[in-house]
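Participant: build me a model from this:
(one chain, ligands or ions: 2)
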Amino acid sequence: MKIAVLPGDGIGPEIVAQAVKVLQALRHDGLKIELEYGHIGGAGYDAEGDPLPLATLKIAQQADAILLGAVGGYQYDKLARPLRPEQGLLRIRKELGLFANLRPAILYPELASSSTLRPEVVSGLDIMILRELTGDIYFGQPRGVRILANGERQGFDTMLYSESEIRRIAHVGFKIAMQRAKKNGQGKVCSVDKANVLDTSMLWREVISEVALGYPEVMLSHMYVDNAAMQLVRAPKQFDVIVTGNIFGDILSDEASMLTGSIGMLPSASLDANNKGLYEPCHGSAPDIAGKNIANPLATILSVAMMMRHTFALEDVAQRIENAVRRTLQSGARTADIAETGSEKIGTMEMGDAVVSAL
Ligand code: IPM
Ligand code: MG
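Facilitator: Ligands and ions are numbered 1, 2, ... in the order given. Presented below is the predicted three-dimensional model:
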């Protein structure tokens, strides 16, 4: 198992170090794991003047899976867009064709009281947000800032989706729903768009509906993104799989993360057509708390579980990691983001150690 490790910026190195401890523990159990490190984001810019250095791209291309921390930092805010840390992330997703972004939002019962929503609204929550990751307004051309005839500047971006891009993400969504139906018995896909306003979304809706014909077991519904944002906090358990485009998925997945108590709990997988994947927490680099040993490493550790499941097809190992996280939470271990006010908190490293010993 060749795994590229790209810690990145801010809290990235700290949280990735905990996930690496988990990988090392699995290695003791006989899994043949090889790690190769690379720079990405601001760390790539600092080391080689490029948020995605060629050497890093090579390591990532040669690996079976990639473990990534997070990118971004205040010190890079003034750089031109191509040099910004975020470009490292966007380019690696695009270069490797990682079009399917799985962002599960699962509430661990132990954390029901950490959510800002009432426990009865979120208890038992288990939804999957599937975000298309290599198209949309994130990558559409043309884009830029131009000068109008009257001399003022105008910024513009282009929202684009081709039929084939919509079709391939739709297939992933229906397949995930069928998989999940084995456990939850329902098999529902809710496609989220803005078809009442955007032409891109009208095509999106049409193509998703066509693909749905091949999956008669799965129930398809459509929802406008503004309504979906509202429904996610009103009654999130109505959803099973949400499939949506890049920009809507970016926003809705941050929103969904808070249902689970903390964005520090949410892992993600970004897969290509052959289940090669990049695994990263949904949260960012949190430069304000970097280097303080207070960040929650669980999203990154849970991303390793997703790696075992989706790239290496080791469902039993994935579940062992998830169970270790569950038992760690049951034991009362809490980083600051998920601790109740006044109760005891542990640090990033201590949380990593606790998961390893539970494992
Ligand atoms: C995410 C992040 C990224 C995105 C940024 C850092 C480019 O917000 O992974 O959700 O917008 O995709
Ligand atoms: Mg985001």
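Participant: list the contacts of the host helix or strand of M128.
Facilitator: Element membership for M128 (DSSP states H and E) is strand 126-132. If you take CB atoms under 8 Å, 6 or more residues apart in numbering as the criterion, strand 126-132 is touched by 99-107, 161, 165-166, 169, 172-173, 176, 180, 184, 236-237, 239-246, 248-250, 252-253, 256. In this view, the C-beta of every residue, glycine as well, is placed from N, C-alpha and C.
Participant: hmm, try it at 6 Å
Facilitator: 101-106, 169, 173, 176, 239, 241-243, 245-246, 249, 253, 256 (CB atoms under 6 Å, 6 or more residues apart in numbering).
Participant: and those residues, which of them are in helices?
Facilitator: 169, 173, 176, 246, 249, 253, 256 (DSSP state H).
Participant: buried subset of the residues you listed as a PyMOL selection?
Facilitator: To isolate the buried ones among the ones in helices among the contacts of strand 126-132 in PyMOL, judged by 16 or more other CB atoms under 10 Å, type:
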select buried, resi 169+173+176+246+249+253+256
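Participant: the ones in helices among the contacts of strand 126-132 also near ligand 1: which ones?
Facilitator: Of the residues in these, proximity to ligand 1 by CB under 6 Å from any ligand atom holds for none.
Participant: Serialize the ones in helices among the contacts of strand 126-132 to TSV and add fields for pLDDT.
Facilitator: Below are the ones in helices among the contacts of strand 126-132 laid out as TSV (pLDDT from 0 to 100):
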residue	pLDDT
I169	98
G173	98
I176	96
N246	98
G249	97
S253	93
A256	91
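Participant: go through the ones in helices among the contacts of strand 126-132 and name the one nearest ligand 1.
Facilitator: Among those, S253 lies closest to ligand 1 (CB to the nearest ligand atom), at 6.5 Å.
Participant: so what strands line up beside the strand holding M128?
Facilitator: Sheet pairing of strand 126-132 (DSSP bridges) gives strand 100-106 (antiparallel), strand 241-244 (parallel).
Participant: please save the CA atoms from stretch 128-135 in CSV.
Facilitator: The C-alpha trace of stretch 128-135 is given here as CSV (Å, rounded to 0.1, in the frame of the first residue of the first chain):
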residue,chain,number,x,y,z
MET,A,128,-23.6,11.2,2.7
ILE,A,129,-22.9,14.3,0.7
LEU,A,130,-21.5,13.5,-2.7
ARG,A,131,-19.9,16.6,-4.2
GLU,A,132,-18.6,16.8,-7.8
LEU,A,133,-15.1,18.0,-7.4
THR,A,134,-13.4,18.8,-10.7
GLY,A,135,-15.9,20.9,-12.6
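Participant: heads up, I number from 39, so please use that
Facilitator: In the new count, where the first residue is 39, that last one comes out as stretch 166-173.
Participant: which stretches in the stretch 39-188 of the chain count as strands?
Facilitator: In the stretch 39-188 of the chain, the strands defined using DSSP state E, counting those that start in this stretch lie at 40-46, 72-75, 103-108, 138-144, 164-170, 182-185.
Participant: so which of those is the most surrounded?
Facilitator: Per-stretch averages of neighbours, counted by mean count of other CB atoms under 10 Å, single out strand 103-108 among those, with a mean of 27.
Participant: mind giving me the packing neighbours of that one?
Facilitator: Packing partners of strand 103-108 (3 or more CB pairs under 6 Å, 6 or more residues apart in numbering; DSSP states H and E): strand 40-46, helix 50-66, strand 315-319.
Participant: most neighbours per residue, which of those?
Facilitator: With neighbours defined by mean count of other CB under 10 Å, none of those is more surrounded on average than strand 315-319, at a mean of 28.
Participant: that one near ligand 1 anywhere?
Facilitator: No: Strand 315-319 lies out of reach of ligand 1 by CB under 6 Å from any ligand atom, never closer than 7.2 Å.
Participant: helices or strands up against that strand?
Facilitator: For strand 315-319, the packing partners by 3+ CB pairs under 6 Å, 6+ apart are strand 103-108, strand 305-309, helix 336-348.
Participant: can I get those in JSON lines with distance to L316 and mean pLDDT?
Facilitator: Shown next, in JSON lines, are the helices and strands packed on strand 315-319 (distance: least, CB to CB, whole Å; pLDDT from 0 to 100):
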{"stretch": "strand 103-108", "distance to L316": "4", "mean pLDDT": "98"}
{"stretch": "strand 305-309", "distance to L316": "5", "mean pLDDT": "97"}
{"stretch": "helix 336-348", "distance to L316": "9", "mean pLDDT": "97"}
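Participant: and among these, the most buried is which?
Facilitator: Buried most deeply of those, by mean count of other CB under 10 Å, is strand 103-108, with a mean of 27.
Participant: quick check: angle from it to strand 315-319?
Facilitator: With axes from the mean of the first three to the mean of the last three CA atoms, to 10 degrees defining the directions, strand 103-108 sits at 30 degrees from strand 315-319.
Participant: now the closest residue to ligand 1 within the stretch 239-388 of the chain: how far from L171?
Facilitator: Using CB to the nearest ligand atom, the closest approach of the stretch 239-388 of the chain to ligand 1 is made by D288 at 4.6 Å. Separation of D288 from L171 (CB to CB, to the nearest Å): 9 Å.
Participant: could you report the neighbour count for the residue nearest to L163 when sequence neighbours are not counted?
Facilitator: Counting by CB to CB, 6 or more residues apart in numbering, L145 is the residue found nearest to L163 once chain neighbours are left out, at 4.1 Å. Using other CB atoms under 10 Å, L145 has 24 other residues around it.
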